[in-house]
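Chemist: next come a sequence and a model predicted from it.
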Amino acid sequence: MARPNDEVEALLREYADLLAITGGDAFKARAYEKAARAIGGHPADISALDADGLREIPNVGRSIAEKVTEYLRTGRIGLVEERRARIPAGVRELITIPTLGPKKALRLYEDLHISSVSELAAAVEADALADLKGFGEKTQDNIRHGIELLRRAGARVPLARATDTAEGIVAGLSGVTGCRRCAYAGSLRRMRETVGDLDVLVAAKRSAPFMDALCELPVTAEVVVRGSKKTSVRTAEGLQVDLRVVPPESWGAAMQYFTGSRAHNIRTRTIAVHQGLKLSEYGLFDTGSGEPVASRTEEDVYARLGLPWIPPTLREDRGEIEAGLRGELPEVVTERDIRGDLHTHTDLTDGLASLETMVEAAAERGYAYYAVTDHAPGLSMQRMTDEKVLAQRERLRELDGTRRRMRLLHGTELNIGPEGEVDWPEEFLAGFDLCVASLHSHFGLARGAMTRRLVRACENPYVNVVGHPTTRLIGRRPGVDADWDEVFAACARTGTALEVNAQPDRLDLCDADILRAREHGVKFAVNSDAHSVPHLGQLRYGVGTAQRGWLTCDDVINTWPLTRLRRFLRKGGRH
DNA sequence: GCCGTTTTCGGCCCGACTGTTTTCAGTCG
């Protein structure tokens, strides 16, 4: 289940959106947004806090603290519900379309009574926007394109949200008497970046208690089908959950079967057939006698097929079967292998927590090293200065080694300018232990210019990591256009690592790009890009993505011991 | 609505980009 912090964050964000749509004081809407972010990023569970405790969270004042306590007491916020009654939910949905903000959404609603994305799509097709003030030809093109982007993401749910929901359901069902095993399978277990539905498995002798329990979970909004082997429900956010209860002896076969992918299963079943076996969700059986051969664990099933256990993130029929048969399956990187995070922020720029708080939380994660990489001055909204970053470095050096002897690296996230230039001159960059460099503007450059820009950034002797290289936002913005093979080659040549950014709406590079970059011999850094303490834990989505890209520890620089990492950061010359 | 103070008002990350306008509004990072 989502933390209460996340629930409140979502509610306050909704209220901020509704305020922005209905106009009035724009700063008030901003205030709610800031408070939402602060509460979502607050490390402690807010349901344990009273109004005074809440007010200690930055950007939470008297009024918002009252609304939060109202929510914690009653499960609702009256003022939010009042606003909801005035603005249909579909109008808020309109501002999820890229390039459509609150002002245009309100105009569409007031002038044309459009209150959903599908109504807007129909209106655009019918050319009904032509006479609307402020909606020219280009705007309509942008809307059409934006809707297309949303549709392509479809009804699929982002990985992190699906994980929260699934973990809540697994926790709920694990407590039911008679539960031997409970886990989620499907594309979520394979860590696809978006998830269409959830597959939850239970191993137990009697199924009815689990079917009942699922139907009664608070997250369940609607029961789709209710049977003895399978029950499907839909959550309030529209995610379908399929629960299957299998006999304990079928657990491994069922996990293998329901984890997929379909393509991977077709391969395993074909291998079974060639060996005179039949593979189903109940087990591996001898075709002739019908006798069970293996089913209790996934390892048993794979072993009987002549395969090692294959990590779920590899089960896409992208060569894992062949590699397994040859005994050459990669030992993919795991979260335990990560020795440090190399891209994180503090409240010196747009992070929520202080340097001390972030360092403390990182140490608790057991990291051997940790880099602080606040934004550079080019991102002017962050108001970074030489003085501020140098003062931070001084403080960081004092803290270095004091928290479980974790070593601190002082870095920065540079902005890659349109020509590939970065914020500071080389003599200033030399003072950093490492530099991440990212695109934050000029996303629309033509392919050639974009490629040259990225290659130039890699050629900078102080740029160690290209952050969120394509800058895509899943379901909202495609990545920039570049000749990626040329960029990857430049990374390999110059000793510049590519980031696997773990933010769940980025996952950038994505699995397919990682596979391609890996062919060039590029090294990678799996980073959280954390802006708050809870964000540090999102690293696991980056690790999952790295696994989907077949990365091993040798490929990932932040699994290396510090001495090897430091050697890499010198980029074959600088020191 | 929050916050900080030269503290109970007046500012609030600020600039770029886009498209529509013709001097600016809306959106974005």
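Modeler: Perfect, thanks for sending it.
Chemist: buried set for whichever helix in chain A runs longest?
Modeler: Identified as the longest helix of chain A according to DSSP state H is helix A:4-22. Residues A:4-9, A:11-21 are the ones in helix A:4-22 that count as buried (16 or more other CB atoms under 10 Å). C-betas here are computed from N, CA, C, even on glycine.
Chemist: any idea which helix or strand comes after that helix?
Modeler: The helix or strand immediately downstream of helix A:4-22 is helix A:26-40, counting by DSSP states H and E.
Chemist: counting by contacts, list what the next helix or strand after that following helix packs against.
Modeler: Per DSSP H and E, the first helix or strand lying C-terminal to helix A:26-40 is helix A:51-55. On a contact count with 3 or more CB pairs under 8 Å, 6 or more residues apart in numbering; DSSP states H and E, helix A:51-55 meets helix A:62-74.
Chemist: next secondary structure after the helix it packs on?
Modeler: Helices and strands here follow DSSP H and E; after helix A:62-74, the next one along the chain is helix A:78-86.
Chemist: CA atoms of that following helix as CSV?
Modeler: Taking C-alpha atoms only, helix A:78-86 is exported to CSV below (Å, rounded to 0.1, in the frame of the first residue of the first chain):
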residue,chain,number,x,y,z
GLY,A,78,-13.4,18.7,2.7
LEU,A,79,-11.9,21.6,0.6
VAL,A,80,-10.5,19.2,-1.9
GLU,A,81,-13.8,17.5,-2.3
GLU,A,82,-15.5,20.9,-2.7
ARG,A,83,-13.1,21.8,-5.6
ARG,A,84,-13.6,18.4,-7.2
ALA,A,85,-17.3,19.0,-7.4
ARG,A,86,-16.7,22.2,-9.4
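Chemist: which helices and strands sit right next to it?
Modeler: helix A:4-22, helix A:62-74.
Chemist: now distance to DNA strand B too, for the ones you listed, in JSON lines please.
Modeler: Putting those into JSON lines (distance: least, CB to the nearest atom of the strand, whole Å) gives the following:
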{"stretch": "helix A:4-22", "distance to DNA strand B": "8"}
{"stretch": "helix A:62-74", "distance to DNA strand B": "3"}
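Chemist: figure out which of these is closest to A:L173.
Modeler: Closest of those to A:L173 is helix A:4-22, at 20.9 Å (criterion: CB to CB).
Chemist: what mean pLDDT does that closest one get?
Modeler: Mean pLDDT, helix A:4-22: 91.
Chemist: which other helices and strands contact that helix?
Modeler: helix A:26-40, helix A:62-74, helix A:78-86, helix A:89-94, helix A:102-112.
Chemist: still on that earlier bit, of all the helices and strands packed on helix A:78-86, which one is nearest A:P425?
Modeler: Using CB to CB, those put helix A:4-22 closest to A:P425, at 39.8 Å.
Chemist: contacts for that closest one?
Modeler: Helix A:4-22 has contacts (CB atoms under 8 Å, 6 or more residues apart in numbering) with A:2, A:25-26, A:28-30, A:32-33, A:35-37, A:39-40, A:42, A:45-47, A:64, A:67-68, A:71-72, A:77, A:79-80, A:83-84, A:86-87, A:91-92, A:95, A:101-102, A:105-106, A:109, A:164, A:534.
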